[in-house]
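Visitor: my questions concern the predicted model and sequence given below.
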Amino acid sequence: MNWLRSAPGIMRGVYWRIAAVLALVGLSYIVFRLISPSFPEIYPGAIFFPAVLLAALLGGMWAGIAATILSVLLSDYLIFAPVGSFTGKSPSSVLFLTLYMVYGTSISLLIEGLNRYRRRLAIAHEEAALARERSRAEEESRRIAFQREQLRALADGLEKAREEERTRVARDLHDDIGQILTAVKMDLMWIDRQVSMGEKEVHRRLESAVELINEGAQSVRKICSGLRPAILDDLGLGPAMEWQTNEFSSRTGIACRTTLPPTKLGLSTNCASAFFRIFQECLTNIGRHAHARTVDVSLFREGEEVVMIVQDDGEGIRDIARAPSLGILGMKERAQSCGGELLIDSSVGRGTAVMLRIPVHSNLSKEDGDARIDR
C-alpha cells in the first residue's frame with residue numbers, strides 16, 4: 001500500500017484530475033451496465049463508490065467531491081427512472097442520491113483530513129529528525145571546540161614552558177660557561193705574563209688560546225641571544241625588535257627600516273614573547289624565500305591593540321591560501337593564543353605584508369598579569 005501514501009502527489013495537475021474523475025466515473029458506469037442485467041437489484045452506489053474513493057485518494061478532496069457529483073448526475077439522468085430526465089424521480093431514488101452525495105462528500109473530506117494529518121505527521125517527523133541532526137551537529141561542534149581549546153591550552157603551556165626553559169638555559173650558559181671561560185682567559189693571560197720574553201712559541205700558543213676563548217665567549221653570547229635575548233627582558237619589545245632587525249640586516253645584507261614607539265606598549269610577558277617570536281619568523285621567511293632588497297618594520301599602538309606590520313619588496317607568495325608553511329601556521333597559532341590575529345597580504349612580484357594585532361590586555365595570567373616588559 002505504499003502507493004497510497006504518495007497518491008495525492010500522483011495527480012497534481014487540474015487537467016489530469018478532471019481526466020481521472022471522468023475516466024473513473026465513466027468506467028464505473030460501463031461496469032454497472034455490464035453487470036446490471038445479471039444483478040437487477042444492485043444499487044449504482046455500490047459500483048460508483050470505488051470510483052469516488054480512488055478519485056479522493058489520487059486527486060484529493062475536490063476530485064472525490066467531483067466524482068461524487070458526477071456519479072449522482074449520471075445515476076439520476078441515465079439509471080433512475082424516468083431515464084433521460086432530472087425530474088419526476090421517486091422519493092426512494094431522491095433519498096438514495098441525497099445519501100450518496102452526503103456519503104461521498106464525507107468520504108472525500110475524511111480522506112483529505114487523513115492526507116493532511118499524514119503530511120503534518122511527515123513534516124513533524126522530518127523536523128524532529130532535523131532537530132536531532134542539528135543537536136548532534138551542535139554537540140559535535142561543541143566537542144570539537146572543547147578539544148580545540150584543550151589543544152590550544154596545551155600548546156600555550158608547552159610554548160610557555162619552552163620559553164622558560166630557553167630563558168633558564170641562556171642564563172646558565174651566560175653565567176656558568178661565561179664565567180668559566182673568563183676565568184680560563186684570566187689564567188692564560190697571567191701565565192703569559194709570567195713566561196720569559198724568550199719563549200716566543202709559548203707566547204704565540206697562549207695568545208692563540210686566548211683568541212679561541214674570546215671566540216668561545218662570543219659564541220656563548222650568540223647562543224644565549226638566540227635562545228632568549230636578554231634585551232627583551234631588560235629593555236622591552238621595541239629595542240629587542242630593533243636589535244633583531246640589525247642582526248638580520250648584518251647577516252643577510254637586506255636593508256631594514258624600522259618605526260618603533262618611544263613609549264611602553266603594555267603587553268604581558270607571554271604576549272611580548274609571542275610578538276617577538278612571530279617577528280623572528282617573519283624575518284626568517286624573508287631571508288629564506290622572499291629575495292627582497294628592503295624590509296619595512298612598524299610597531300605601534302592603536303587603541304587597545306598593539307599592531308606590527310612587516311613588509312618586504314620580494315617575490316611574494318603565489319597562493320597564500322595553499323601555502324603549506326608550518327611557519328605561517330605557527331605564527332597564526334601564537335597570535336590566536338594571545339587573542340589576536342595575523343593577516344598576510346601577498347601577490348607575485350609585489351612582496352608580502354604581514355600584519356599582527358594583539359589586544360593589550362589579552363592572555364594575562366595571574367603569574368604575569370602585572371609584568372610589563374616592553375616599551
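Guide: Cool, the structure landed.

Visitor: how about the strands in the chain?
Guide: Along the chain, counting by DSSP state E, strands occupy 255-259, 294-302, 305-312, 341-346, 352-359.

Visitor: looking at these, which is nearest to Leu24?
Guide: When the strands of the chain are ranked by proximity to Leu24, the top entry is strand 341-346, at 69.4 Å, counting by C-beta to C-beta. For the C-beta atoms, the positions are set from N, CA and C on the backbone; glycine is no exception.

Visitor: direction included, what does that closest one pair up with?
Guide: With DSSP bridges as the criterion, the sheet partners recorded for strand 341-346 are strand 352-359 (antiparallel).

Visitor: how far off strand 294-302 does the partner strand point, in degrees?
Guide: Between strand 352-359 and strand 294-302, the angle comes out at 20 degrees (axes from the mean of the first three to the mean of the last three C-alpha atoms, to 10 degrees).

Visitor: report the mean confidence score over strand 352-359.
Guide: When pLDDT is averaged along strand 352-359, the result is 92.

Visitor: list the buried ones in that strand?
Guide: The neighbour-count criterion (16 or more other C-beta atoms under 10 Å) identifies Thr352, Ala353, Val354, Leu356, Arg357, Ile358, Pro359 as the buried residues of strand 352-359.

Visitor: about what we covered before: want to throw the strands of the chain into JSON lines with distance to Leu53?
Guide: Supplementary listing: the strands of the chain in JSON lines, determined by distance: least, C-beta to C-beta, whole Å:
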{"stretch": "strand 255-259", "distance to Leu53": "87"}
{"stretch": "strand 294-302", "distance to Leu53": "77"}
{"stretch": "strand 305-312", "distance to Leu53": "74"}
{"stretch": "strand 341-346", "distance to Leu53": "68"}
{"stretch": "strand 352-359", "distance to Leu53": "72"}
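
Visitor: among those, which is nearest Ile328?
Guide: Comparing the strands of the chain against Ile328 with C-beta to C-beta, the closest turns out to be strand 341-346 (6.9 Å).

Visitor: okay, the angle between that closest one and strand 305-312?
Guide: Between strand 341-346 and strand 305-312, the angle comes out at 20 degrees (the same axes, to 10 degrees).

Visitor: just to revisit the earlier point, to Leu235, which of the strands of the chain lies closest?
Guide: Taking C-beta to C-beta as the criterion, Leu235 comes closest to strand 294-302 out of those, the separation being 13.7 Å.

Visitor: avg pLDDT for the closest one?
Guide: Strand 294-302 comes out with an average pLDDT of 92.

Visitor: which regions of the stretch 251-375 of the chain sit below the pLDDT cut-off?
Guide: Screening the stretch 251-375 of the chain residue by residue with the criterion pLDDT under 70, one finds the ranges 319-325, 362-375.

Visitor: likewise the stretch 1-150 of the chain?
Guide: Checking the stretch 1-150 of the chain against pLDDT under 70 turns up 1-12.

Visitor: nearest to Glu41, out of the strands of the chain?
Guide: With C-beta to C-beta as the measure, strand 341-346 is the member of the strands of the chain nearest Glu41 (90.0 Å).

Visitor: buried sites along that closest one?
Guide: Neighbour-count burial for strand 341-346 [16+ other C-beta under 10 Å]: Leu342, Ile344, Ser346.

Visitor: ok, now stretch 203-216?
Guide: Judged by neighbour count (16+ other C-beta under 10 Å), stretch 203-216 contains these buried residues: Leu206, Ala209, Val210, Ile213, Gly216.

Visitor: now it - C-alpha only, CSV.
Guide: The C-alpha trace of stretch 203-216 is given here as CSV (Å, rounded to 0.1, in the frame of the first residue of the first chain):
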residue,chain,number,x,y,z
HIS,A,203,103.6,33.3,23.9
ARG,A,204,102.2,32.6,20.5
ARG,A,205,100.3,29.5,21.8
LEU,A,206,99.0,31.4,24.8
GLU,A,207,97.7,34.3,22.5
SER,A,208,96.0,31.7,20.2
ALA,A,209,94.3,30.1,23.2
VAL,A,210,93.1,33.5,24.4
GLU,A,211,91.7,34.2,21.0
LEU,A,212,89.9,30.8,21.0
ILE,A,213,88.4,31.6,24.4
ASN,A,214,87.3,35.0,23.1
GLU,A,215,85.6,33.3,20.1
GLY,A,216,84.0,30.8,22.5
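
Visitor: domain map for this protein?
Guide: In the domain annotation for the chain, the residue ranges read 2-132, 231-375 (automatic domain parsing).

Visitor: most tightly surrounded among those?
Guide: domain 231-375 (a mean of 17; mean count of other C-beta atoms under 10 Å).

Visitor: how far does that domain sit from its chain's centre?
Guide: Computed by C-alpha atoms, centre = their mean, to the nearest Å, the separation of domain 231-375 from the middle of its chain amounts to 26 Å.

Visitor: in the stretch 251-375 of the chain, what residue spans correspond to helices?
Guide: Along the stretch 251-375 of the chain, counting by DSSP state H, counting those that start in this stretch, helices occupy 269-285, 326-337.

Visitor: could you check the angle the last one makes with strand 341-346?
Guide: Relative orientation of helix 326-337 and strand 341-346, computed by the same axes, to 10 degrees: 150 degrees.

Visitor: name the helices or strands packed onto helix 326-337?
Guide: Using 3 or more C-beta pairs under 8 Å, 6 or more residues apart in numbering; DSSP states H and E as the contact test, the elements touching helix 326-337 are helix 91-172, helix 269-285, strand 341-346, strand 352-359.

Visitor: now the angle from that helix to helix 269-285?
Guide: With the same axes, to 10 degrees defining the directions, helix 326-337 sits at 160 degrees from helix 269-285.

Visitor: that older thread, okay if I get the helices and strands packed on helix 326-337 as TSV plus distance to Glu305?
Guide: As requested, these are exported to TSV (distance: least, C-beta to C-beta, whole Å):
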stretch	distance to Glu305
helix 91-172	20
helix 269-285	11
strand 341-346	10
strand 352-359	5
